[in-house]
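Novice: Fold the following for me, if possible:
(one chain, ligands or ions: 2)
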Amino acid sequence: VSICQYCYSRFEGKSGQVYCNKDCSIQATKIKRKERQKLESIKQRMKTPRFCANGCGTKLSAYNDKRICTSCKVDKNKVSRAIESLKDLFEFEERL
Ligand SMILES: [Zn+2]
Ligand SMILES: [Zn+2]
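Specialist: Ligands and ions are numbered 1, 2, ... in the order given. As a prediction, this is how the structure comes out:
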């Protein structure tokens, strides 16, 4: 008895078989391919330094999928939150 490496169900298979059926094998291959692509893009980013698209000059980490640095991301959230609260204020004034 073997255990499928994708769905973890037990199955009777030939020796060396790691997935219980074709579907599991296909899904597992897809995931592996995705992981490999991610790794490739990280490697690519390590070769060419990227800088924050926000123009703050921060060098982006190779592991960062985003185009802006974490501090800019946080600031952006703060800004949008501030805008939201301003909107509330205007709506409140309109109601008066
Ligand atoms: Zn399976
Ligand atoms: Zn930045």
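Novice: Okay, now the unreliable bits of the chain?
Specialist: 92-96 (pLDDT under 70).
Novice: Contact residues of it facing ligand 2?
Specialist: C52, N54, C56, T58, C69, C72 (C-beta under 5 Å from the ion). From N, CA and C alone the C-beta is placed, and that goes for glycine too.
Novice: and if we set it to 8 Å?
Specialist: 52-58, 68-69, 71-73, 75 (C-beta under 8 Å from the ion).
Novice: This structure: strands as residue ranges?
Specialist: Ranges of strands within the chain are 2-3, 10-11, based on DSSP state E.
Novice: do you know which of the ones you listed lies nearest M46?
Specialist: strand 2-3 (35.8 Å; C-beta to C-beta).
Novice: Next up, the contacts around V18.
Specialist: V18 sits next to S2, C4, Q5 when contact means C-beta atoms under 8 Å, 6 or more residues apart in numbering.
Novice: Next, give phi and psi for the last one.
Specialist: According to degrees, to the nearest 10, the main-chain angles of Q5 amount to phi -80, psi -10.
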